[in-house]
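Participant: here are the coordinates; sequence isn't available:
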């Protein structure tokens, strides 16, 4: 009975292929980029991923798994660990239905991915990635003479799996910093590009904060409300997020208040910053123009008085 259960998947593959007309774009697409899963210890779940070939030839693909962790680097929020295991390792429990396959141009494959949870799993977060890579040494339609002397480029795209074991995990995080994008200045000559949020997760499960930034002018009137869309922050890391403020004219003192749902227990955190926008270039031009107008009026008025005498 156990033996039959183990070998059965080999004869019941559930992946599906389809094909569409497509203009070659020299790449391939993996969807979804991120999957969240909530399970109990000992449970398992099947999720699908799709890979679409947009390369103008038949390409051989390979599936592998890696762990990933968060960082404190604003330029690299996620770090893949290759063969290493993380403290939140999931890669050994992500099993694709097949591991190698070929796709023609415009062909798409949907592959079931089984995520399993050990019976002794602690109630916290586990994180792994399914890596899809092309195999350039097995590109069909090329002979050995064509391969010699060519630089072979392997592309890798990851689909992230974020698993949370149901139970009392440690959910804890705070806004580490809330500031304007770019170097800090006393006065800004033009409207700032936007705002930067640094959210620190000090728990052992990933958090998904979201909220709004309300911008008020010197009179206390809200001139703009910017949404902070939901994004994930991994344990033991700081995730940076930029919120853009579209171009436009601003003048005077402004305050910006962030109202952020911390991603657990419906808790919120507020932080405020103030800044001045003084577009001195425009003001100088306006001052010169005003001076010229006043000078012209003075000249005309004095000339009129002289003629009147």
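Facilitator: Happy to help now that I have it. All figures in this text were calculated on a predicted structure; none of them were measured in a lab.

Participant: okay, CA-based contacts and neighbour counts for the rest of this
Facilitator: OK.

Participant: thinking residue 209 is in contact with residue 265, fair?
Facilitator: No. If you go by C-alpha atoms under 8 Å, residue 209 and residue 265 don't touch, sitting 11.3 Å apart.

Participant: who has more neighbours, the two?
Facilitator: Legend: neighbour count by other C-alpha atoms under 10 Å for residue 209 and residue 265, higher for residue 209 (22 against 9).

Participant: mind showing which ranges of the chain have poor pLDDT?
Facilitator: 1-13, 137-153, 280-292, 295-296, 298-299, 303-309 (pLDDT under 70).

Participant: and the most centrally placed residue in it, how far from residue 35?
Facilitator: Nearest to the geometric centre of the chain sits residue 231, at 7.1 Å (C-alpha atoms, centre = their mean). Separation of residue 231 from residue 35 (C-alpha to C-alpha, to the nearest Å): 13 Å.

Participant: what ranges do the helices span in the chain?
Facilitator: Along the chain, counting by DSSP state H, helices occupy 2-7, 144-147, 280-308.

Participant: for the residue nearest to residue 171 when sequence neighbours are not counted, the count of nearby residues, please.
Facilitator: Distances taken as C-alpha to C-alpha, 6 or more residues apart in numbering place residue 203 nearest to residue 171, at 4.9 Å, with adjacent residues excluded. Neighbours of residue 203 under the rule other C-alpha under 10 Å: 18.

Participant: wait, residue 203 touches residue 174, no?
Facilitator: No. Look at residue 203 against residue 174 with C-alpha under 8 Å: they stay out of range, at 10.4 Å.

Participant: care to break the chain down by domain?
Facilitator: 9-165, 173-278 (automatic domain parsing).

Participant: need these in a markdown table (columns: distance to residue 301).
Facilitator: Below are the domains of the chain laid out as a markdown table (distance: least, C-alpha to C-alpha, whole Å):
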| stretch | distance to residue 301 |
| --- | --- |
| domain 9-165 | 62 |
| domain 173-278 | 34 |
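
Participant: quick check: buried residues in stretch 213-223?
Facilitator: 213-217 (16 or more other C-alpha atoms under 10 Å).

Participant: same deal with stretch 241-261?
Facilitator: So for stretch 241-261, counting by 16+ other C-alpha under 10 Å, buried means 241-244, 250-251, 253-261.

Participant: residue 211 contacts residue 258, doesn't it?
Facilitator: Yes. Using C-alpha under 8 Å, residue 211 makes contact with residue 258 at a distance of 7.4 Å.

Participant: residue 201 pairs with what?
Facilitator: For residue 201, the beta-bridge partners are residue 173, residue 237 (DSSP bridges).

Participant: other SSEs contacting the lengthiest strand in the chain?
Facilitator: Longest strand in the chain, counting residues (DSSP state E): strand 59-70. Helices and strands touching strand 59-70, by 3 or more C-alpha pairs under 8 Å, 6 or more residues apart in numbering; DSSP states H and E, are strand 78-80, strand 100-103, strand 125-134, strand 237-244.

Participant: now the last one against strand 59-70, angle please.
Facilitator: This means strand 237-244. 110 degrees (axes from the mean of the first three to the mean of the last three C-alpha atoms, to 10 degrees).

Participant: was I right to think residue 178 contacts residue 194?
Facilitator: No. When contacts are counted by C-alpha under 8 Å, residue 178 is not listed as touching residue 194 (10.9 Å).

Participant: neighbour-wise, which of those two wins?
Facilitator: Neighbours were counted for residue 178 and for residue 194 using other C-alpha under 10 Å; residue 178 has more, 20 against 16.

Participant: show me the contacts for the nearest residue to residue 175 once chain neighbours are set aside.
Facilitator: Spatial nearest neighbour of residue 175, chain neighbours left out: residue 199 (4.4 Å); criterion: C-alpha to C-alpha, 6+ apart. Going by C-alpha atoms under 8 Å, 6 or more residues apart in numbering, residue 199 touches 173-177, 233, 238-240.

Participant: what about 6 Å?
Facilitator: Contact analysis of residue 199 by C-alpha atoms under 6 Å, 6 or more residues apart in numbering lists 174-176, 238-239.
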